[in-house]
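Asks: quick one: sequence and predicted model below, then my questions.
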Amino acid sequence: MSGFVQTRSSRGLLALTGLRQVGPATAERLANRFATLEEVAEAPVSQLQGVATAAAIESIRQRGSITESSRRAEAVLEASERHGVRVLSVFDEDYPKALQRLTDRPPVLYVKGRLRDVERCVACIGTREPSEFGEKVTDRIVGQLVEARWIIVSGLATGVDTIAHRGAVSRRGRTIAILAGGLEKVYPAHNAKLAEEILADGGALISEHPIGVPSAPRNLVQRDRLQSGMSVATIVMQTDIKGGSMHTVRYTLSQDRLLFAPVPQGRHAEHPKSQGILALARLTGPELAKALGAEGPYERLLVTKYARRPVAIPLASRDDYSSMLATLERRLAEGWQSESTGGSEQTSML
């Protein structure tokens, strides 16, 4: 390695997580214990024990492993720079405070655009195939949020995500898109122009994946924890009972964020894509756990914390929007970020 590489830098964390058997949590523990990669490489086993597993220690102490991993990390940073992407370490000032407090936070984030002053975020998510109700309610609620100076967070997917981002952009509001692959490409490709508009209006594109990583199904699910994790609340605009939005619901509740669901009336309540939001707004936790087939920690959360009530705050009409905004402001004033540390039981914390 040329020069000393700080373990808390993006290059340092990329190098550590690039080692076999070293996951995000171990990398952060190493960064908190040792100032430079050189110190990690030269540390005796006795100093590594308690910080890393036996398998991780073996990888660290393999001759040349840290040097080679550091070179790969440098190549990642160079590729990011060529594409106009910043790489933030979890220790950097610009790394979102809400994400810093998650137990399964990414050690580095890849960012295009502005990422300062992002405390006032609300995730707006839902089906890729919204009905007339889903389209109208998404645009209406986003309008209320933008007027109240909230930042719209979504995933740039087809459907509700696109409507939410466009609703913010058309009203000159800020919006953040969290992608599931490298930021050199926008997925889906037809939203490339929308991504440019998001950046032009002071928003941002974020990913936990480096240049060249495709938007694989697993990445799409893991991306959902960042949408809810950045946000004071999640609003599920429309989804069916087994829709992909239910992943974000699980993360939202596990992270102790607020959850809202608009309640369709009349013929709109009969639409298949409305059955998920009706379940969130009407079923108790045990009933929802049964409907979703929830298991493990998520099932326990539903049947205990929500034993006698629905998991979502219902938005039955436009009259409920003012109370929604007031609830968001109260949660923000209460210092929600310092209290919300829950993460996903599915994410490896080696």
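Replies: Looks like it came in fine.
Asks: from residue 235, how far out is the closest residue to residue 179 other than its chain neighbours?
Replies: Of all residues not flanking residue 179 in the chain, residue 207 sits nearest, at 4.6 Å (CB to CB, 6 or more residues apart in numbering). (C-beta placed from N, C-alpha, C; glycine too.) Applying CB to CB, to the nearest Å, the value for residue 207 to residue 235 is 22 Å.
Asks: of those two, which one has the most company?
Replies: residue 235 (30 against 24; other CB atoms under 10 Å).
Asks: tell me the phi and psi of the more buried one?
Replies: phi -110, psi 120 (degrees, to the nearest 10).
Asks: if I pick it, what's in contact with it?
Replies: The contact partners of residue 235, taken as CB atoms under 8 Å, 6 or more residues apart in numbering, are 122-125, 141, 259-262, 315.
Asks: cutoff 7 Å now
Replies: 122, 124, 141, 260 (CB atoms under 7 Å, 6 or more residues apart in numbering).
Asks: and the helix or strand containing the second one, what does it pack against?
Replies: Secondary-structure assignment from DSSP states H and E places residue 124 in strand 121-125. Contact partners of strand 121-125 among helices and strands, from 3 or more CB pairs under 7 Å, 6 or more residues apart in numbering; DSSP states H and E: helix 132-147, strand 151-154, helix 160-170, helix 217-229, strand 233-236, helix 245-254.
Asks: and those as JSON lines, adding mean pLDDT?
Replies: What follows is those, written out as JSON lines (pLDDT from 0 to 100):
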{"stretch": "helix 132-147", "mean pLDDT": "98"}
{"stretch": "strand 151-154", "mean pLDDT": "98"}
{"stretch": "helix 160-170", "mean pLDDT": "98"}
{"stretch": "helix 217-229", "mean pLDDT": "95"}
{"stretch": "strand 233-236", "mean pLDDT": "98"}
{"stretch": "helix 245-254", "mean pLDDT": "98"}
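Asks: out of those, the one nearest residue 271 is which?
Replies: Nearest to residue 271 among the helices and strands packed on strand 121-125 is helix 132-147 (6.8 Å), distances taken as CB to CB.
Asks: what does that closest one contact?
Replies: Residues outside helix 132-147 that contact it (CB under 7 Å, 6+ apart) are 122, 124, 126-127, 130, 152, 160, 163-164, 167-168, 171, 173, 235, 237-238, 262, 264, 268, 271, 273-274, 321, 325.
Asks: so what's the gap between it and the chain middle?
Replies: 21 Å (CA atoms, centre = their mean, to the nearest Å).
Asks: could you do stretch 277-294 as well?
Replies: 23 Å.
Asks: low pLDDT regions in the stretch 51-200 of the chain?
Replies: Along the stretch 51-200 of the chain, the model assigns pLDDT under 70 to no residue.
Asks: strands of that one, residue ranges please.
Replies: Along the stretch 51-200 of the chain, counting by DSSP state E, counting those that start in this stretch, strands occupy 86-89, 108-113, 121-125, 151-154, 175-178.
Asks: which strands and helices lie in contact with the second one?
Replies: Using 3+ CB pairs under 7 Å, 6+ apart as the contact definition, the elements that strand 108-113 packs against are helix 10-17, strand 86-89, strand 204-207.
Asks: can I get the ones you listed in a markdown table with distance to residue 58?
Replies: A markdown table is the format used below for the helices and strands packed on strand 108-113 (distance: least, CB to CB, whole Å):
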| stretch | distance to residue 58 |
| --- | --- |
| helix 10-17 | 15 |
| strand 86-89 | 26 |
| strand 204-207 | 31 |
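Asks: of these, which approaches residue 47 most closely?
Replies: Of the helices and strands packed on strand 108-113, nearest to residue 47 by CB to CB is helix 10-17, at 15.1 Å.
Asks: between the closest one and strand 108-113, how many degrees?
Replies: Using axes from the mean of the first three to the mean of the last three CA atoms, to 10 degrees, the direction of helix 10-17 lies 140 degrees away from that of strand 108-113.
Asks: got a list of contacts for helix 10-17?
Replies: 5-7, 22-24, 27, 30-31, 37, 66, 69-70, 73-74, 76-77, 87-89, 107-108.
Asks: about what we covered before: state the pLDDT value of the residue nearest to residue 179.
Replies: At residue 207, the pLDDT value in this model is 98.
Asks: which residues touch it?
Replies: Residue 207 is in contact with 110, 179, 181-183, counting by CB under 7 Å, 6+ apart.
Asks: try it again at 8 Å.
Replies: 109-110, 178-183, 223.
Asks: nearest spatial neighbour of residue 331, skipping sequence neighbours?
Replies: residue 232 (5.3 Å).
Asks: isn't that neighbour right up against residue 329?
Replies: No - contact criterion CB atoms under 8 Å: residue 232 and residue 329 do not qualify, at 9.1 Å.
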